[in-house]
Each structure stands twice: as C-alpha cells, then as structure tokens.
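Enquirer: Predicted coordinates and the sequence they were generated for:
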Amino acid sequence: MITDLYHLNTGKKMKIIPGPASKHLGERIAGLLGIEMVPLVFKRHPDGESYVRVEGKVQDEEVAIVQTTSPPQDTRLVQLALVADAAKRHGAKKITAIVPYLAYARQDRLFLKGEAISIMTIARMLKVAGVDNLITVNIHEEKILSKFPFPARTVSAVPLLAEHFKNKGCKKAFALAPDKGAVWLAEEARNILGGESGYLEKDRDRYTGNVSMKKKLLDVKGKNVIIFDDIISTGGTIVAAVGILKEIGAERIYVGCVHPLLIGDAEKRILRSGVEVVVGTDSIPSHVSKVSLAPLLSRELT
Ligand code: R5P
C-alpha cells in the first residue's frame, strides 16, 4: 500500500522520484518505506539531449531523487540536475539527492598543476539546479563533503557486503583493504566477519594510471581473504592485490566492492587472476550487484 511517510522528527511528508539511472533502487526504497513515487517522464531527444518532466504533485513537498551517476556519468549528472530543477519549478520545497555512486568524487583535489577539482564543480552545478542536500554511499574521501554548498553525507555499504559474505559461509575470513586509505573499510568488515584485517600499500602513477603494490607480509597463509574496496574500475588494483596475496599464501580470495564500475573486461581479469567471486551493490546495477542499498538508504530517509 502506498502511503505518505511522515518524518519522525519533523512530521513532514516526503516523496520519491526514481531517476532514470536508478529506477529499481528508487522503487525499492519507496517500497520499503511505503512512500509515494512521483511519475517522471524521461526521454532522449534525437540529438542525445535528455528531457524530463515531473508529472506527479510535489507542491510544498520534500522530494528525494534517486539517481546514480555511473557511466555515462555526464549524462546522468545532467539528468539529475534537470530532475531537481523540474521538481523545484513544480513547487517542491526541499530536494534531497540520493546519489549512490557520485561521479567525479575521486578528483577531490589537485593532483597535478592545472587540473580542476571536478567534484566541487559538480556540487556547485547541483546546488544551482536546486539540490538542498545530498546522500551518497562510500564516497572516496568523506572530508570533501564538508566543502559542498549544501549539507551532504556519506554512508557505508561495507557492513552489508560483509554480512553477505558471512551468510555465504565466509565467517572469520581475513578482510583486506588494497590500500591504506581503505583500511577502515576492512575494519568495518572485520567487525562483522569476526576475523582479522589488514591493508596493502598501493601506488598509482598519476600520468599513466598504472597501479603498483609492494609485497607485504600479512597473516593470510592458508586463510580465506576478502578484498574490500569502494570502487572497481579497471580491476588493476584488485589484480595487483591478488598477486601479492597468492605470493604470501592466501587460500581462497573473494572481492566485495560498493561500486562495481567494472570497465571493459575488468571482471574477467579479476576472475582470471584467481578470485572466486566479485560481489557488488546495486549502486551500479550489474550482474554482480548481489547486495541492495535499499535498506541502508531507506534508513537514511527516516
Ligand atoms: C582508488 O583508490 C579506489 O579506492 C579504487 O581502489 C580504485 O578506484 C580502483 O580502480 P581500478 O579498478 O581501476 O584499479
């Protein structure tokens, strides 16, 4: 049954607009919360431009737009901005953008002279379009969110991934982060799996994008290991980590990632390197998306 959700604290109503890139996730969130979805007309013009029209009533309502921004990132960001603009013009009082995968978040500082801080450009664009606050999942670096021109927060899906592996019989597996920056992801997973955790040392060439990793002695000999990462793009990071794990005697190797971008033959390369299975979330819908973000994100809206 579809009803309105009244916020516990505020007594305000909320409606959901599932964006074209996250239709199923948006529907699942609305279903879990039992809240109304606002119909959206979406089409592509023959020249490739996106067109949106909000058809339902949003006058004086709080509206949550669910739209991931995985490839084609630029198109999906523009769609999100258009939906926010349309909803505001249609009378929406407040817009929350739920963006499970926030594109451009990895370019959150100047790595080389002359670059853009791309994520800040995106944040300003969303502000101008009418976004009032934003919720994302496992953003690469949380601290950039404090610089956004509206309140923004990130939540972690790693506990859900760890639960998935635990339910599949991977209790006590070693939780590994492929670099030091992701060590807290491995620790989150360890708290659920009940084993140990650790990290490898990764280096990325800023000009070529190539990844290198130093051999490191970890207590994984004869143990099952699950590598946890926020994003798998080309798979280079995971393949390099697997090489080291094999050298130091890991038994079975599994991979859990929040955002399975899996560009080109990334999954094949990972499986060929000796990984048993890659599990991702529906942040980016694909055949590896075995874990849904709907329960996590619906909790954030209550
Ligand atoms: C970067 O540090 C991220 O946490 C991921 O490890 C990275 O984006 C993965 O990229 P790739 O799969 O291309 O190595």
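Expert: Good, I have the coordinates. Treat the numbers as computed from the prediction; the structure is a model and nothing was measured.
Enquirer: Counting neighbours, what do you get for Asp265?
Expert: Using other CB atoms under 10 Å, Asp265 is surrounded by 12 other residues. (Glycine included, C-beta is placed from N, CA and C.)
Enquirer: can you start the count at 42 instead of 1 from here on
Expert: From this message on, residue numbering opens at 42, which makes the last subject Asp306.
Enquirer: Phi and psi next, for it.
Expert: phi -100, psi 30 (degrees, to the nearest 10).
Enquirer: In space, what's closest to it - neighbours in sequence excluded?
Expert: Nearest residue to Asp306 in three dimensions, chain neighbours excluded: Gly276, at 8.0 Å (CB to CB, 6 or more residues apart in numbering).
Enquirer: what residues are up against that neighbour?
Expert: If you count contacts by CB atoms under 8 Å, 6 or more residues apart in numbering, Gly276 has them with 303-304, 306-308, 310-311.
Enquirer: Which of these are buried, as a PyMOL select command?
Expert: Selecting only the buried entries of the contacts of Gly276 in PyMOL, with 16 or more other CB atoms under 10 Å as the criterion:
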select buried, resi 303+307+308+310+311
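Enquirer: Helices - which of the contacts of Gly276 land there?
Expert: Among the contacts of Gly276, DSSP state H puts 307-308, 310-311 in helices.
Enquirer: can I get the residues you listed in TSV with distance to Val124?
Expert: Listed next are these as TSV, based on distance: CB to CB, whole Å:
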residue	distance to Val124
Ala307	30
Glu308	31
Arg310	35
Ile311	34
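Enquirer: Adding pLDDT, write the residues you listed out as CSV.
Expert: What follows is those, written out as CSV (pLDDT from 0 to 100):
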residue, pLDDT
Ala307, 98
Glu308, 98
Arg310, 97
Ile311, 98
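Enquirer: State the pair within those residues that is farthest apart.
Expert: With CB to CB as the measure, no two of the ones in helices among the contacts of Gly276 lie farther apart than Glu308 and Arg310, at 7.3 Å.
Enquirer: tell me the centre residue of the chain?
Expert: For the chain, the residue nearest the mean C-alpha position is Tyr142 (3.5 Å; CA atoms, centre = their mean).
Enquirer: Regarding the residue nearest to Thr110 when sequence neighbours are not counted, which helix or strand does it belong to?
Expert: Nearest residue to Thr110, sequence neighbours excluded (CB to CB, 6+ apart): Ala144, at 4.0 Å. Counting by DSSP states H and E, no helix or strand carries Ala144.
Enquirer: Run a quick neighbour tally on Ala144.
Expert: The burial count for Ala144: 22, using other CB under 10 Å.
Enquirer: so what's it scoring on pLDDT?
Expert: Note for Ala144: predicted pLDDT of 98.
Enquirer: And the helices in the stretch 92-241 of the chain?
Expert: With DSSP state H, counting those that start in this stretch as the criterion, the stretch 92-241 of the chain has helices at 114-130, 159-170, 199-208, 224-234.
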